[in-house]
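> Okay, sequence plus prediction incoming.
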Amino acid sequence: MLILGIETSCDETAAAVVNDARVILASRVLSQTLEHAPYGGIVPEIAARSHLDHLDRLVAEALAEAKVGLAELDGIAATGGPGLIGGVIVGITTAKALALVHRKPLIAVNHLEGHALTARLSDDLPFPYLLLLATGGHCQLLIVEGVGRYKRLGTTIDDAVGEAFDKAAKMLGLGYPGGPEIERAAGESSAADRRRFPLPRPLAGRPGCDFSFSGLKTALRQSIEGLRPDDLDGGSPKRAVVAAIAGAFQDAVADVMADRAGNALTMFLERYPDAATRHLVIAGGVAANGALRARLAVLADKRGLRLVAPPLALCTDNAAMIAWAGVERLRLGFTDGLDFAPRPRWPLDPTAPRAVGAGVKA
Amino acid sequence: MTGPTPAAVLAFDTACDACSAAVWRDGAALAREFVGMARGQSEALLPMIERVMAAAKLEFADLAAIGVTVGPGAFTGLRIGLAAARAIALASGKPAVGVTTLEAIAAALTPAPGSLVVAIDAKREDLYVQQFAGGAVWRPASAPIAQLPAAVALPAGPFAIAGDGAARLYAALDGEARARATLIADHALPDAAVVARLAAAHLVSGETVVSPRPLYLRPPDAKLPQDGGRIRVTPMRSGA
C-alpha cells in the first residue's frame, strides 16, 4: 500500500510518500520559519500564502524522489485539521483534486492523530501506549488505544507548551521558534544561576493530568521586569542573565511535564494493568527538547515503562506522519468524501470535556 | 473534412461570494453550475467539478487546459480555486490558466460605447477596482487596484459600473460623476463559463502558460512587534 501525505496545518509545507511496510520513500518539508521570524510567531495569512506557493512543487518532488506516479498510489492523505484553517484548506483542496483526477481514496487525517501514530511508523509499537503530545498548538496526555480511539487524560487549560516556549523566548529577546533557543541559552547556565529566579510549577502536585502555562509566563515576565541594574546592558538583560532565566523556565516546564506525566502513568497502568508492552511516547515538536526527554526517560524507567521518542524529523511537523496515518486509516477502510469540511478544532477524544481557556488547543 | 477536435477547458471560480464550475468546448458551455455562497467553497468545489465533468462526459485527459480565477477577491476563496487548479494541472499534465475576477466580470458584459468600471467588494473599507474601455470586447484600461470608494479614479465620459461592489462605488460618487454613471446589476460575480471562455482564448493566442499565481492586491495583515517583543526593563525598578 502506497500513500501520498500532505501537511499544511501550521508553518511547514510538506509532502511525503510512505508504504505499509513502514518505509518512507520520500519526505519533503519546507519550513516557513524565516518568513514568520520577524513577527515572533506564526502569521496565519503569511502561512496560507506560502503553502499555496509551494505545495504543488513539493508534491511533485516527493513523487519524483519516491519514483512513484500518482496513478500507482493507493490513496491520498492530507491534514484536515486541527490547525490554521487557511493552510489546512490549501492542503486538503490539493489532496481532493489529486484524488478526483486519479480516482483514489481521500483520507482526511487529524493532524494530532498523525503525531499520535508516528511511534508505530518509527518503532512499530503495539497498542495501547501512553502519549504525551507536546507541540506549538497542543499539550495533551492521551492513551492511544487504537486507530481513531483515544482516551484523553489531560490537556492544557490555557497555552500550549510550545507556545509557552515561544512567548518566553520572545520576552527574553531570543529568536523564534522559542524551544531550541531556550534550550540553547539554558545550557549556558548553572543550577546555582537558575536558583536566583524561582518560578512556579503550575498545577504540580495536584490530581489529574491537565497543564497550565499562563501563570508561568506571567511569573517569567515579572522576573525580567524585576531585574537589577547590574543585570542589564542597555535596557536588556545580559546574556548570562538571559541564560539563567531561560534555564529556570525550562526547569519549571520539565518539572510540570514530569509531574503531570507521572499522574498519567498511574492512570494508564490502572486502566491497562496487564498490558504486555508498556510504552510512554513523546511526540510533537517539543519532544526535541533534550532536558524534557531526559526527565521523562527517568520517570518512565522508574515506573517500568520504556520511553519512545521518534526521530526529531518525525516529531516536528512533517507529511510522512500524515501519510502513515493514511495507511493506518485506509487499512481499516476509513476514507472521506470530496465534500470533507476542514476542521479548525478536531479533538482526538471527542468525549473529553472541553477546556474553555485553551480554545481550539484542547 | 473534419477539423481538429475542439479543445475542452474546465474552469472554476471560488474567489468571491459564489462557487461555479463549467466545461467549455467549441464556443459553448457543455456543463455549468453556479451557486451563490459566502463560505463553504472548500466543501462545494470538488464535488461540483466532478459533476460538471460527468455532465460533459469528459475525462481529465480530454481537457486542453484548466481555467481558474486568481483574484482579487476573498483570500481563502481564491486559494481554494488555485490549489484545486494547480493540483488538477499536476495530476492531469494539463496547463492551468489564470484569469482575474475583474476581467471575468467584464467579459460577461456586452461591450458598449464608453467605459466600464468593475468593482469587487473587498469586505473591508476598500474595493478592488479596474477600468475597461469599450470596443469589440471590454479591454483593460487600468491595472487592478484596491481603493476606497471615494478615491476610485473614474474614466472621462459615460461609464458603467459592474461587480458586487458596484452599488458601494455608485453610492460614493458625487453628483457630476453619478450623472455619467450607469449601475449594472447583472453578472455581479465571476462565472466559470466565462472564465473557461477566457482561458480558451488565452490558449488560442499562444501565450506562455505558467502556473497561475494569486492576485491578492493587499499584503497580509501583520504588524512587526516593537523590538521583537523583547521586554525593555526600566532600571528604576531595581533590587529584588
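That came in fine, so what should we check first? Numbers count the residues shown, from 1 in each chain, chains lettered A, B, ... in the order given.
> hey, where'd the helices end up in chain A?
A:33-36, A:44-66, A:85-102, A:111-123, A:161-171, A:178-186, A:191-195, A:214-225, A:239-271, A:290-302, A:312-315, A:320-331 (DSSP state H).
> Now render these as CSV, adding mean pLDDT, distance to chain B and mean neighbour count.
Just so you know, the C-beta spots here come from the backbone N, C-alpha and C atoms, and that holds for glycine as well. Formatted as CSV, these follow (pLDDT from 0 to 100; distance: least, CB to the nearest CB, whole Å; neighbours: other CB atoms under 10 Å in any protein chain shown):
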stretch, mean pLDDT, distance to chain B, mean neighbour count
helix A:33-36, 88, 9, 14
helix A:44-66, 98, 4, 21
helix A:85-102, 98, 4, 27
helix A:111-123, 97, 16, 25
helix A:161-171, 93, 4, 25
helix A:178-186, 95, 11, 22
helix A:191-195, 95, 13, 14
helix A:214-225, 94, 5, 17
helix A:239-271, 96, 10, 21
helix A:290-302, 95, 23, 17
helix A:312-315, 94, 25, 17
helix A:320-331, 98, 16, 28
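> need these in TSV with distance to A:Leu141, can you?
What follows is the helices of chain A, written out as TSV (distance: least, CB to CB, whole Å):
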stretch	distance to A:Leu141
helix A:33-36	28
helix A:44-66	27
helix A:85-102	25
helix A:111-123	11
helix A:161-171	11
helix A:178-186	19
helix A:191-195	26
helix A:214-225	18
helix A:239-271	4
helix A:290-302	11
helix A:312-315	16
helix A:320-331	19
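> Please identify which of the ones you listed is closest to B:Val195.
Proximity to B:Val195 (CB to CB) singles out helix A:85-102 among those, at 16.5 Å.
> and that closest one, what does it pack onto?
Using 3 or more CB pairs under 8 Å, 6 or more residues apart in numbering or on different chains; DSSP states H and E, the elements in contact with helix A:85-102 are strand A:2-7, helix A:44-66, strand A:75-81, strand A:106-110, helix B:41-55, helix B:75-92.
> got TSV for those, with distance to B:Ile66 too?
Shown next, in TSV, are the helices and strands packed on helix A:85-102 (distance: least, CB to CB, whole Å):
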stretch	distance to B:Ile66
strand A:2-7	19
helix A:44-66	12
strand A:75-81	18
strand A:106-110	19
helix B:41-55	10
helix B:75-92	5
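> Tell me which of the ones you listed sits nearest to A:Gly285.
That would be strand A:2-7 among the helices and strands packed on helix A:85-102, by CB to CB, at 12.7 Å.
> Now do that closest one: distance to the chain's middle.
18 Å (CA atoms, centre = their mean, to the nearest Å).
> Next: stretch B:110-117.
Taking mean C-alpha positions (CA atoms, centre = their mean), stretch B:110-117 and its chain are 19 Å apart.
> Could you list the residues in contact with that stretch?
Stretch B:110-117 is contacted from outside by B:106, B:109, B:129-138, B:141, B:152, B:154-162, B:169, using CB atoms under 8 Å, 6 or more residues apart in numbering or on different chains.
> what's near enough to touch the closest residue to A:Glu12 other than its chain neighbours?
Nearest non-adjacent residue to A:Glu12, counting by CB to CB, 6 or more residues apart in numbering or on different chains: A:Asp317, 4.2 Å away. A:Asp317 sits next to A:Glu7, A:Ser9, A:Cys10, A:Asp11, A:Glu12, A:Ala14, A:Val29, A:His111, A:Thr135, A:Gly285 when contact means CB under 8 Å, 6+ apart.
> Can I get those in a markdown table including distance to B:Ala21?
Putting those into a markdown table (distance: CB to CB, whole Å) gives the following:
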| residue | distance to B:Ala21 |
| --- | --- |
| A:Glu7 | 27 |
| A:Ser9 | 26 |
| A:Cys10 | 30 |
| A:Asp11 | 31 |
| A:Glu12 | 31 |
| A:Ala14 | 29 |
| A:Val29 | 33 |
| A:His111 | 29 |
| A:Thr135 | 37 |
| A:Gly285 | 39 |
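> closest to A:Arg201 among those residues?
Checking these one by one against A:Arg201 (CB to CB), the nearest turns out to be A:Thr135, at 21.0 Å.
> Quick check: nearest residue in space to that closest one, chain neighbours excluded?
A:Gly284 (3.6 Å).
> all helices for chain B, in order.
B:41-55, B:75-92, B:101-107, B:166-172, B:175-180, B:192-204.
> pLDDT of the fifth one, averaged?
Throughout helix B:175-180, pLDDT has a mean value of 96.
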